[in-house]
Structure formats: structure tokens, C-alpha cells
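1. no sequence on this one, just coordinates:
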């Protein structure tokens, strides 16, 4: 027990003293996750609304695929993208592997189905009068997007926040695509795994505490947004 107590005190000391290595890792994690969430939101929200308000054959199958992708192991996404981005892969000439761009792409692919599916469900569970009113006013498909975004902004924002929370806690794809390079692609989760295996438990614990703080903040934001919705 004394060992764990001392480790916690050492971890808190590193946080309070603003250890540059720790906050470099935190900043890298936040930057990568924010970019991944931004790109996944642009595509996921747009496609989620389009699919929800459009009738076509295979719509139910598409939702089943989205549900399956939401449950896909992160290492599987990392494995697929690794094959595509490696030197022998289709996109090997772009030299993206082991860069921030590769990790952003991996995390965006991870949370895109989540954001799209939550947007789709938000539109489907909305007041039926919303879509019927837009249809009665003669709005075309693309003209319905802005009113739907305005009306369902809190529900959609909840999906985006959930996606960001999953992105910042990602470890499998981030490790495979980023290579855990110090100062470049080392995120909080990959650093925790590395430092703990090296026996540097205090640093890993400090990063874990900061990750918990971020997770608490994300859940608080999600609760506030859900209450408003």
C-alpha cells in the first residue's frame, strides 16, 4: 500500500510541477483527438442526416453495418490502415505511417461510424412534425440539413462529444499507426502502456490521472448537453 501511495504522490507532484514531458504528451493527445473528431464530425453528421431523411433500399443493412463498425476492435482498424499506409500499401507513397496524420486518420475512422449512427438515430427519434413540416414547405434534401442541425444540435453534439471521448482513449490503432514516437505521435494511452512496461509507474500514473480528469470533463459536458437536449 505504501508503494502505491508513494506512486500517487509522485504522480501528483509531476502534474503540479507541470512536467514538460507529461504535458507534451497530453497536448499531442488532445490535438490528434480534436482533429480526428473534427473530420469525423464533418462527414458523419452530414451522412447521418442524409441517410435518416432519405428512403432507399438497403437502409436497414447500412444501419447494421454501422452498428458492427462501432463494435469493431481498434486493432483491426489499425491493422487495415497499416496495410494501406505501409510502404508496400496502396498509399505508401504518401509516407503517412508513423505520423500524426496516420493517427488522426485511424481515430477518425474509429469514431466516424459512432457519430454517424448517433446522428442518424437522433433524426429518426426526433419529433415527426419536424420532417413533415419541412416536406410540406417544399424543402429539398439539402435544404433540410440546416433546420435539422439547428433543431437537434444538442443530440448531435452529444454524439460528437462521445466520439471525442472514444478517440482520446484509443490505444490500439494509435500504437500501430503512430509508432509511439516521443514528441511526435506519443499519446496518453500509448505512453501509459510504454512507461508502465518500462517500470516508470509514476509517469504512467500521472498520465492516467490526467486522462481520468479529461474523461470526467467529457462526461460532465455530455451530461450538460443531454440535459439541455
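-> That came in fine, so what should we check first? None of the values given here were measured: they were computed from a predicted structure. Numbering: from 1, shown residues only.

2. other SSEs contacting the lowest-mean-pLDDT helix or strand in the chain?
-> Across the helices and strands of the chain, mean confidence by mean pLDDT, DSSP states H and E is lowest for helix 128-136: a mean of 81. Helices and strands touching helix 128-136, by 3 or more Cβ pairs under 8 Å, 6 or more residues apart in numbering; DSSP states H and E, are helix 145-151. Placement of C-beta: from N, CA and C, glycine included.

3. helices or strands next to the helix it packs on in the packing?
-> Using 3+ Cβ pairs under 8 Å, 6+ apart: helix 145-151 touches helix 20-53, helix 128-136.

4. Give me the average confidence score over that helix.
-> Helix 145-151 carries an average pLDDT of 88.

5. Could you give me the buried positions within it?
-> Under the neighbour-count criterion of 16 or more other Cβ atoms under 10 Å, helix 145-151 has 145, 148, 151 buried.

6. next one: stretch 88-99
-> Buried, per 16+ other Cβ under 10 Å, within stretch 88-99: 96, 97, 98, 99.

7. can those residues go into CSV with extra columns for distance to residue 161?
-> Below are those laid out as CSV (distance: Cβ to Cβ, whole Å):
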residue, distance to residue 161
96, 27
97, 29
98, 29
99, 26
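
8. how about TSV for those, with secondary structure added?
-> Shown next, in TSV, are the buried residues of stretch 88-99 (DSSP: H, G, I helix; E, B strand; the rest coil):
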residue	secondary structure
96	coil
97	coil
98	coil
99	coil
